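Visitor: sequence and predicted structure are below.
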Amino acid sequence: MFLDLPTNTIQTVTTPIAATQKNQAFGYTNALLDLVAELKQPILHFWTMHPTVIMGLKDKRLPDLTAAIKAVQRYGYDYVLRNSGGLAVVSDAGILNVSLFAPLTTPPMSVDAAYAQMTALVDAAWPELAIQHYKITHSYCPGDYDLSVNGLKIAGIAQRRSPHALVTMLYLSVNGDQLARGQMIRDFYTAGLAGQENTWAFPDVDPATMTTTAALLGQNLTIADAQQRFITAAEQAGLNVGRTTLAQAMATPEFGAHLDHATAQMARRQPQLNKEDSL
């Protein structure tokens, strides 16, 4: 089985993030990272956001972060700062975020093996596409595990670990105007650099280096279609896909309190703009 998980059962949950709860996206990540160690079953978490640019910690180094954020707002997008490194990515109604949580085994899965596992899941979910993984230098948030087809990036992967669990996080461009997303992130960095030297190697984004699965397949794919592909791939890999155990665990007051605490922590991390600076 291409998924090296500690059990043959995986729990799934879908959490659309409301526009008024943008910090909850990574609040869920933190809370589920703790819960999966207690649950002792892997979790496949699907989530979407209203139009939002998700900044990485490195983006705080931009010489003029306020100008960068204002460039994003002019496109009608909100912004949120995640609690991990890396660079800006886009989330909106055409982007599916997929997080694979698993308790750490002994010995723990290596970083490369965790990335390879998510890559294998994407391959299984999208068998029609000849997906490669290597850095697409002029994409937004370029990394060694960019997923691309014919040199056009469709997804990026990141990873986080706690002492007892790990999560491998994927964003997949399913449908929508990927060219406009790329133009927005190009403008984000152009405004944020404010004409200063690019000493932190922020990407020189070429919007033409990225695309969507819908465009590649020439189909009207929805987020629900994409989500079902991942679930089917997990089932075909021999996993029993369930929801009830996780739903019950997430309905407890303890999890609710943990989620609220983690979301509040994310809110405190956010860059504060002066009222006169925001649009």
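Guide: Received, thanks. Numbering: from 1, shown residues only.

Visitor: looking at it, Ala122 is touching His133, isn't it?
Guide: That one is not Ala; residue 122 is Val. No: using CB atoms under 8 Å, Val122 makes no contact with His133, being 9.1 Å away. C-betas here are computed from N, CA, C, even on glycine.

Visitor: of those two, which one has the most company?
Guide: Of the pair Val122 and His133, Val122 is the one with more neighbours under other CB atoms under 10 Å, namely 22 against 19.

Visitor: got a list of what that one touches?
Guide: Neighbouring residues of Val122 by CB atoms under 8 Å, 6 or more residues apart in numbering: Ile131, Leu147, Ala155, Leu170, Leu172.

Visitor: just give me the closest of the residues you listed to Asp260.
Guide: Leu170 (25.9 Å; CB to CB).

Visitor: and the closest one, that's in a strand?
Guide: Yes: under DSSP: H, G, I helix; E, B strand; the rest coil, Leu170 falls within a strand.

Visitor: numbering from 267 from now on, please.
Guide: I'll keep to 267 as the first residue from here, and by that count the last item is Leu436.

Visitor: gap between it and Leu366?
Guide: Distance, Leu436 to Leu366, using CB to CB, to the nearest Å: 8 Å.

Visitor: more neighbours, the two?
Guide: Neighbours were counted for Leu436 and for Leu366 using other CB under 10 Å; Leu366 has more, 25 against 21.

Visitor: pLDDT value on the more buried one, please?
Guide: pLDDT, Leu366: 97.

Visitor: and it, helix, strand or coil?
Guide: Taking three-state DSSP as the rule, one finds Leu366 in the strand state.

Visitor: low pLDDT regions in this protein?
Guide: Low-confidence segments of the chain (pLDDT under 70): 267-268, 539-545.

Visitor: partner residues bridging the residue nearest the centre of it?
Guide: Nearest to the mean C-alpha position of the chain, counting by CA atoms, centre = their mean, stands Tyr437 at 4.1 Å. On the basis of DSSP bridges, Tyr437 is bridged to Asn363, Gly422.

Visitor: ok, now which ones touch it?
Guide: Val355, Val356, Ser357, Ile361, Leu362, Asn363, Val364, Ala421, Gly422.

Visitor: ok so, going back, any common contacting residues for Val388 and His399?
Guide: With CB under 8 Å, 6+ apart, Val388 and His399 have common neighbours Leu413.

Visitor: wait, which of the contacts of Val388 is closest to Ser428?
Guide: Nearest to Ser428 among those: Leu436, at 18.7 Å, using CB to CB.

Visitor: which residues are in contact with the closest one?
Guide: By CB under 8 Å, 6+ apart, the contact list for Leu436 reads Asn363, Val364, Ser365, Leu366, Met384, Val388, Ala421, Gly422, Ile423.

Visitor: top of the residues you listed by neighbour count?
Guide: Neighbour tally across these (other CB under 10 Å): the maximum, 27 neighbours, falls on Ala421.

Visitor: in terms of contact, does that one touch Met435 like I think?
Guide: No: at 10.6 Å, Ala421 does not count as touching Met435 under the criterion of CB under 8 Å.

Visitor: and the closest residue to Gln277 other than its chain neighbours, what element?
Guide: Nearest non-adjacent residue to Gln277, counting by CB to CB, 6 or more residues apart in numbering: Leu512, 3.6 Å away. Here Leu512 sits within helix 510-516, counting by DSSP states H and E.

Visitor: contacts for stretch 273-289?
Guide: Under the criterion CB under 8 Å, 6+ apart, residues 290-291, 294, 305-316, 318, 344, 346, 493, 497, 500, 504-509, 511-513, 516, 529-530, 532-533, 536 lie in contact with stretch 273-289.

Visitor: now do the buried residues in that stretch.
Guide: Under the neighbour-count criterion of 16 or more other CB atoms under 10 Å, stretch 273-289 has Ile276, Gln277, Thr278, Val279, Thr281, Ile283, Gln287, Lys288, Asn289 buried.
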